[in-house]
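Novice: with the input below, show me the fold.
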Amino acid sequence: MMRRLAASAAVLALAAGLSGCVIIASEGEERIVVADSSGPALDLGAPAYVSLYTDAVADPKRPAEEVARDPLRHPAEILAFAQLAPGDKVADVRPGAGYFTRLFSDVVGPTGRVYAFVPERTMARENPLADALVAAYPNVTRVNGLLDAMTYDQPLDMVFMSQEYHDFHIPGFNTDVAKMNAAVFAALKPGGRYILIDHEAAAGAGISAVQTLHRIEGDYLKREVEAAGFVFEGESAAVANPEDDHSLNVFDAAIRGKTDQFVYRFRKPG
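Specialist: Residues are numbered from 1 along each chain as shown. Take a look at the predicted model:
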C-alpha cells in the first residue's frame, strides 16, 4: 500500500495519527525519523530545522492573503517533507506570487539560493511577480528559460513544482515533459530532490484531464518522473482530501482550495 507520510515536528501529532507510523524524535543533533511498517525509515532532517520551518511560516513579511491559505496548504509539513535545509540551492518552478518562494528563502538563508524559474511562455505576466520577490529577498534570483531545457548557474539541491506539472502537458505550453524531467535531473546534484505537488485525477485518467479539470493521475506522473532516472522516495498526505471524488475542475467553487493533492519526493541517485 502506498505510504502516506507527513513529516514535521510541527505536526508530529498529525503524523503519529497515521496508521502504522512510528516516529522517533531524538534529542540534540540527532535526526527525526518517520517510518511505517511497509518500508524503511525516512530521514527527515535535524530537529533544529523545525524552528526554521515554523519561523518561516510565522514571518511577518508574508502577505496576509498567503497566510490565510496556510490551513489548506500546510506549509510547515511541506517544508519538512521536502527536507529543506540552510544553504540549499533550490528552484521554484513557476512560483506565481511566491507563496513557497518566500518560505524557501527564509529557510535556506544567506548561504542558500532560491531560483524563481519563470518559463519563457509566461514571462510577460509572471516576471513582474518574480522581480518583486527578488527585490524583497536578496537570496532569490529570477531565471527565464524553456521548461524542457532549464539550466541554472550551479547544481541544485532541490527542484520544486506546486500545482504546475499538469499544466506542462497542455499543448499550449509547447513543452516536452520527458525532456523537462531530464533537464531537472541534470540540474540537480547527485542525491538532489524533486518535489511535486499536484491535483489528483481519477484512477486511470493519466493526462486526459490536464486541460479540462487541471488534474493529473499521480501514478502516471510517477512513471514519467521515474523514466528520467529518479527514484521515488515517499509521499506526504499533508494536502490530501479523500472527500474529493476527482470529478470537478480544480477551479470549481465547490472544491477550489480543497482538492485531493499528492506530494511526491523523488531523488536523483548518487
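Novice: which stretches of the stretch 51-200 of the chain form strands?
Specialist: Shown for the stretch 51-200 of the chain, the strands assigned by DSSP state E, counting those that start in this stretch span residues 89-93, 113-119, 140-145, 156-162, 188-199.
Novice: elements contacting the second one?
Specialist: Meaning strand 113-119. On a contact count with 3 or more Cβ pairs under 8 Å, 6 or more residues apart in numbering; DSSP states H and E, strand 113-119 meets strand 89-93, helix 99-108, helix 123-136, strand 140-145. In short, each C-beta sits where N, CA and C put it, glycine included.
Novice: average pLDDT for it?
Specialist: Strand 113-119 carries an average pLDDT of 98.
Novice: what angle do it and strand 89-93 make?
Specialist: Angle, strand 113-119 to strand 89-93, by axes from the mean of the first three to the mean of the last three Cα atoms, to 10 degrees: 20 degrees.
Novice: from the chain's centroid, how far away is strand 113-119?
Specialist: Counting by Cα atoms, centre = their mean, to the nearest Å, strand 113-119 is centred 14 Å from the centre of its parent chain.
Novice: give the partner strands of that strand in its sheet and their orientations.
Specialist: strand 89-93 (parallel), strand 140-145 (parallel) (DSSP bridges).
Novice: the last one: how far from the chain's middle?
Specialist: So that's strand 140-145. 18 Å.
Novice: so for that strand, mean pLDDT?
Specialist: Per-residue scores along strand 140-145 average to 98.
Novice: buried ones in that strand?
Specialist: Neighbour-count burial for strand 140-145, with 16 or more other Cβ atoms under 10 Å as criterion, is recorded at 140-144.
Novice: isn't His169 right next to Val177, touching?
Specialist: Yes. If you go by Cβ atoms under 8 Å, His169 and Val177 touch, sitting 5.9 Å apart.
Novice: helices of the protein, start to end?
Specialist: 12-16, 48-57, 64-67, 70-73, 75-81, 99-108, 123-136, 177-187, 218-227 (DSSP state H).
Novice: in contact with the spatially closest residue to Pro75 that is not a sequence neighbour, which residues?
Specialist: Spatial nearest neighbour of Pro75, chain neighbours left out: Val57 (5.2 Å); criterion: Cβ to Cβ, 6 or more residues apart in numbering. Contact partners of Val57, counting by Cβ atoms under 8 Å, 6 or more residues apart in numbering, are 70, 75-76, 79, 103.
Novice: that concludes my questions; thank you for your assistance.
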